[in-house]
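Colleague: the amino acid sequence is not available; the structure is as follows:
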């Protein structure tokens, strides 16, 4: 990760935390709990969730949050998204994920996303909020958090909940976006292959007597690997 990216992340989270501490005295806790609150406040702002449980109430904190929201929030999320993408790429490359069948790829990614969205997130929220929320409210809070909606009816109040939310809000929505991008890119790749195959088959059907040569075999390989291999095999068999 480059120096510029590190500086952007440090500025975004640092200024967000300073803005929290620069609020009216008495509204900010001290010590470790105050640190967790400031980090939670910065994450909620940078991820654009905005539960409205904390908000700037002084001129200084408001000007600082203008700087974070307008200048630093979007670049910070882009940097974190790239970091997550690189980590996923390394894991995928070691497991030879992209060499497996397309159905296996979609099923595996869907299963992992399902575990995160439907089981892990709601389970932790339920454990932390078991005395205050029913199951509908747990899944409701999980959904508005991952989709960065963030109403002001539910939020994470205690120190433990805010520690969990600081990481969950930062990485959960980006993992969902990574999954959606994966499915979209996979469908786009399949559509392009089908389109190239259709264009090749329509152009080759116009000349029935045309025999496969090395040149059109190479074209077939570029458009569809299996066709190219079949032509090359037939050409060798005839010779």
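Modeller: Noted; the coordinates are in hand. This structure is a prediction, so every number in the text was calculated from the model and none was measured.

Colleague: hey, let's count contacts and neighbours off CA atoms from now on
Modeller: Fine.

Colleague: now the residue nearest the centre of the chain. Nearest residue, chain neighbours left out?
Modeller: Against the mean C-alpha coordinate of the chain, by C-alpha atoms, centre = their mean, the closest residue is residue 174 at 2.5 Å. Counting by C-alpha to C-alpha, 6 or more residues apart in numbering, residue 174 lies nearest to residue 81, which is 6.1 Å off, once chain neighbours are set aside.

Colleague: and for residue 159?
Modeller: residue 33 (6.2 Å).

Colleague: what pLDDT does that neighbour get?
Modeller: You'll see residue 33 listed with a pLDDT of 86.

Colleague: and residue 149, helix, strand or coil?
Modeller: Secondary structure for residue 149, judged by DSSP: H, G, I helix; E, B strand; the rest coil, is coil.

Colleague: what are the boundaries of the helices in the protein?
Modeller: 3-21, 31-46, 59-67, 73-94, 102-114, 121-128, 135-146, 159-205, 214-223, 225-238 (DSSP state H).

Colleague: and among those helices, the most buried is which?
Modeller: helix 31-46 (a mean of 21; mean count of other C-alpha atoms under 10 Å).

Colleague: got the contact list for residue 42?
Modeller: 12, 13, 16, 17, 20 (C-alpha atoms under 8 Å, 6 or more residues apart in numbering).

Colleague: now do it against residue 158, distance only.
Modeller: Note on residue 42: its distance to residue 158, by C-alpha to C-alpha, to the nearest Å, is 16 Å.

Colleague: quick one: low-confidence parts of the protein?
Modeller: 1, 25-27, 129-131, 187-239 (pLDDT under 70).

Colleague: what sits up against stretch 162-176?
Modeller: 36-37, 39-40, 43-44, 47, 81, 84, 113, 116, 121, 145-148, 156.

Colleague: same check, this time on stretch 16-34
Modeller: So stretch 16-34 is contacted by 35, 37-39, 41-42, 45, 55-58, 60-62, 64-65, 68, 159 (C-alpha under 8 Å, 6+ apart).

Colleague: hmm, try it at 6 Å
Modeller: 38, 39, 42, 57, 58, 61, 64 (C-alpha atoms under 6 Å, 6 or more residues apart in numbering).

Colleague: tell me which of those residues is nearest to residue 125?
Modeller: Within the contacts of stretch 16-34, distances to residue 125 taken as C-alpha to C-alpha reach their minimum at residue 39, with 18.6 Å.

Colleague: domain-wise, how is this structure divided?
Modeller: 3-206, 208-239 (automatic domain parsing).

Colleague: from residue 55, how far off is the closest residue to residue 17 other than its chain neighbours?
Modeller: The shortest distance from residue 17 to any non-neighbouring residue, by C-alpha to C-alpha, 6+ apart, is to residue 38 (4.6 Å). For residue 38, the distance to residue 55 equals 11 Å [C-alpha to C-alpha].

Colleague: equivalent analysis for residue 89, please.
Modeller: 37 Å.

Colleague: got it, and residue 172?
Modeller: For residue 172, the distance to residue 55 - C-alpha to C-alpha - is 23 Å.

Colleague: ditto for residue 32
Modeller: Residue 32 is 19 Å from residue 55, by C-alpha to C-alpha.

Colleague: again, but for residue 154
Modeller: For residue 154 relative to residue 55 (C-alpha to C-alpha), the value is 15 Å.

Colleague: got the end-to-end distance for stretch 128-147?
Modeller: 20 Å.

Colleague: what sits closest to residue 149 if chain neighbours are left out?
Modeller: For residue 149, the closest residue by C-alpha to C-alpha, 6+ apart turns out to be residue 49, at 5.6 Å.
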